[in-house]
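Peer 1: Please find the sequence and the predicted model below.
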Amino acid sequence: MIQIEDKRRCCGCEACRQVCPQGCIRMERDEEGFGYPVVNLDRCIECHKCERVCPFMKLDEPREPQAVYAACATDEGLREASSSGGLFTLLAEDTLRHGGVVFGARFDEEWRVCHDYTETIEGLTPFRGSKYLQSRIGDIYRQSEQFLKDERPVLFSGTPCQIKGLINYLGRGYDNLTTVDVVCHGVPSPMVWQRYLATLRAGQGEITGISFRDKSLSGWRRYDFVAQSTGGGGVRQFYGDNIYMRGFLHDLYLRPSCYACMAKGGRSQSDLTLGDYWGVERTCPDLDRALDEDKGTSVVMIHSERGQSLLEGLPCRYQETNYASAVAGNPAIEHTATEPPKRQLFFAQLDAEPLEQLIDRLTTIPLHKRLWRQLHHLAHRVKLRLRRLAQRSH
């Protein structure tokens, strides 16, 4: 049976719970807000299916992609509405046009993140955009398996560990399945997110919209965190100034397994990997100059013939590049986060100190660096606005 003795060896994919024929595994939240499987010993029949599907029970070797591209949608509106280049939406629309089903992560009514599926183009909107939280998988692996057995095309997107959990759960290949993982920095505690939302509600009223990666004013490279509210004011902050994002980017409250990720570097066995192509202006200067709107460019890593075929059929601009330059701009493709020395202190003090004050104290940035960053951010906004004015005048 599955027994979690080291929390760094459980990513919370819930494959074990879903595969259990007795339904004797439940997920329980720990004091940090992360879910872990707990077995009802009275009902367990020792079939060991839970152990066989666990991504940590058999670790795969890293694999470099077959090909790497910088890419973005030709639809500029879609590109601007997406976190990077809009490739997920293009892949999803292609699946739906062929009568398929698309699985992805969305916010629920409480602004928690869960996995869900859609069979319509309109249903893709909630899946679009980055969500810096661990999504609740629920029974999604079972549902995707049923669609696959019904011979429906299925596109399943998620973090590398979620994709690895799905593949282990299915236990066999399907010609009608396309798996897409995202370059993952790590997943923060859902409990910390809910506490942060509580502080927003206290000052702004009920939350009506969240965007972790708003590009409308600052562009793709220096995006904003935006929270809309019934109070009318809401919050718009450069991501480096937002307190929740600051703690996340300092790796302060990631899931323990994120400091020992077993699915990075192609080990998830996905067909494609999507992420931000940071540094594209250096790697693909001709492509960057042709685009030149700072709306976002995706890195697309191909791991299978299916992935290559899908990319070639999409309405997008793309240019082949190389794996080393992609990793240089986005190290999270290969490298796991390092657990910060103050992580234990953060959770120990979480109930004793206001959240914003605690994060601020444990992630303090020197004054000269803060001033430099603010000046750089202002200069970037001015440059972007001047560029847009010039484009309109033509």
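Peer 2: Thanks, I have the structure now.

Peer 1: Tell me how this protein divides into domains.
Peer 2: Residue ranges for each domain of the chain read 7-53, 59-381, as given by automatic domain parsing.

Peer 1: okay if I get those as a markdown table plus mean pLDDT?
Peer 2: A markdown table is the format used below for these (pLDDT from 0 to 100):
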| stretch | mean pLDDT |
| --- | --- |
| domain 7-53 | 96 |
| domain 59-381 | 92 |
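
Peer 1: got those domains as JSON lines, with mean neighbour count columns?
Peer 2: (Glycine included, C-beta is placed from N, CA and C.) JSON lines is the format used below for the domains of the chain (neighbours: other CB atoms under 10 Å):
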{"stretch": "domain 7-53", "mean neighbour count": "17"}
{"stretch": "domain 59-381", "mean neighbour count": "18"}
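
Peer 1: Would you map the strands across the stretch 251-394 of the chain?
Peer 2: Under the criterion DSSP state E, counting those that start in this stretch, strands of the stretch 251-394 of the chain are mapped to 272-276, 298-302, 316-320.

Peer 1: Format those as TSV; extra columns: distance to residue 164.
Peer 2: Converted to TSV, the strands of the stretch 251-394 of the chain look like this (distance: least, CB to CB, whole Å):
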stretch	distance to residue 164
strand 272-276	12
strand 298-302	16
strand 316-320	26
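
Peer 1: between those, which one is nearest to residue 57?
Peer 2: Ranking the strands of the stretch 251-394 of the chain by proximity to residue 57 (CB to CB) places strand 272-276 first, at 22.9 Å.

Peer 1: Restrict stretch 82-100 to CA atoms and write it as CSV.
Peer 2: C-alpha atoms of stretch 82-100 as CSV (Å, rounded to 0.1, in the frame of the first residue of the first chain):
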residue,chain,number,x,y,z
SER,A,82,-2.6,34.3,-23.0
SER,A,83,0.3,34.0,-20.5
SER,A,84,2.9,33.6,-23.3
GLY,A,85,2.3,32.8,-26.9
GLY,A,86,-1.2,31.3,-27.0
LEU,A,87,-0.1,27.8,-28.0
PHE,A,88,-2.2,25.9,-25.5
THR,A,89,-5.4,27.5,-26.9
LEU,A,90,-4.4,26.6,-30.4
LEU,A,91,-3.8,23.0,-29.5
ALA,A,92,-7.1,22.9,-27.6
GLU,A,93,-9.1,24.3,-30.4
ASP,A,94,-7.7,21.8,-32.8
THR,A,95,-8.7,19.0,-30.5
LEU,A,96,-12.2,20.3,-30.1
ARG,A,97,-12.6,20.7,-33.9
HIS,A,98,-12.0,17.0,-34.2
GLY,A,99,-14.7,16.2,-31.7
GLY,A,100,-12.4,15.9,-28.7
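
Peer 1: right, and the domains of the chain - which one's nearest residue 1?
Peer 2: Comparing the domains of the chain by CB to CB, domain 7-53 comes nearest, at 5.0 Å.

Peer 1: among the strands of the stretch 251-394 of the chain, which is nearest residue 249?
Peer 2: strand 272-276 (13.6 Å).

Peer 1: For the closest one, name the packing helices and strands.
Peer 2: helix 87-97, strand 177-182, strand 298-302, helix 305-312 (3 or more CB pairs under 8 Å, 6 or more residues apart in numbering; DSSP states H and E).

Peer 1: on that earlier part again, output the domains of the chain in CSV; the columns should cover distance to residue 1.
Peer 2: Listed next are the domains of the chain as CSV, based on distance: least, CB to CB, whole Å:
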stretch, distance to residue 1
domain 7-53, 5
domain 59-381, 16
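
Peer 1: if I look at residue 302, how far off is residue 272?
Peer 2: To residue 272, residue 302 is 6 Å away according to CB to CB, to the nearest Å.

Peer 1: what sits in contact with each of these two?
Peer 2: Shared contacts of residue 302 and residue 272 (CB atoms under 8 Å, 6 or more residues apart in numbering): residue 311.

Peer 1: Can you lay out the helices and strands packed on strand 272-276 as JSON lines showing distance to residue 117?
Peer 2: Shown next, in JSON lines, are those (distance: least, CB to CB, whole Å):
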{"stretch": "helix 87-97", "distance to residue 117": "11"}
{"stretch": "strand 177-182", "distance to residue 117": "13"}
{"stretch": "strand 298-302", "distance to residue 117": "22"}
{"stretch": "helix 305-312", "distance to residue 117": "19"}
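
Peer 1: Which of these sits closest to residue 114?
Peer 2: Among those, strand 177-182 comes nearest to residue 114, with 16.1 Å by CB to CB.

Peer 1: Okay then, goodbye and thanks.
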